[in-house]
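**Q** Structure, please.
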Amino acid sequence: MSFMGARVAVKASNGEYLCIEKNDALLTSSRYDETRQDIIFTVPAALSGAYIQTHTRDLLSVADDGLVRIKSNNEAITNNETFDFICLGMNKVAIRAHNGKFVSYKRDNNRKLYAASNTIGPDEIFEVIVVFR
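**A** Model prediction:
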């Protein structure tokens, strides 16, 4: 995959980009701008058991209820921060969390992402866009 190990923006099925809110929530935003640090993530070079980092090197983590949140890089890394990338072609991926569930974007969840889906459907497909800067 051409984006492995790269700095990327990630687009959800609704056409919005994943972004980091001030309260460490992971939401979506309709505004794309490569100078916005809150939409830039680093995708690891591995496809399985990988960590996903923000521009500040904080980690994406899955809470017990499946909520995907931002975890400080000062905290110990646990299994909750590991993800598997399922390649779907054309820079499209599904992301499976450590709990075996797929990360999903649904409008009725207040723009929050949850690792709670058992199957890959439109809400579980993300487009990864390499940021060249």
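
**Q** Spell out which strands sit alongside the lowest-mean-pLDDT helix or strand in the chain in the sheet and which way each one runs.
**A** Across the helices and strands of the chain, mean pLDDT, DSSP states H and E gives its lowest value to strand 26-29, namely a mean of 74. Paired with strand 26-29 in the same sheet, following DSSP bridges, are strand 17-20 (antiparallel).

**Q** tell me which residues in the partner strand are buried?
**A** Y17, L18, C19, I20 (16 or more other CB atoms under 10 Å). C-betas here are computed from N, CA, C, even on glycine.

**Q** okay, now the residue nearest to the third one when sequence neighbours are not counted: neighbour count?
**A** Leaving aside its sequence neighbours, C19 sits nearest to S29 (CB to CB, 6 or more residues apart in numbering; 4.2 Å). Neighbourhood size, S29 [other CB atoms under 10 Å]: 17.

**Q** so who does S29 touch?
**A** By CB atoms under 8 Å, 6 or more residues apart in numbering, the contact set of S29 is E16, Y17, C19, D38, I39.

**Q** which one among those gets closest to L60?
**A** Distance to L60, by CB to CB, is smallest for C19 among the contacts of S29, at 12.5 Å.
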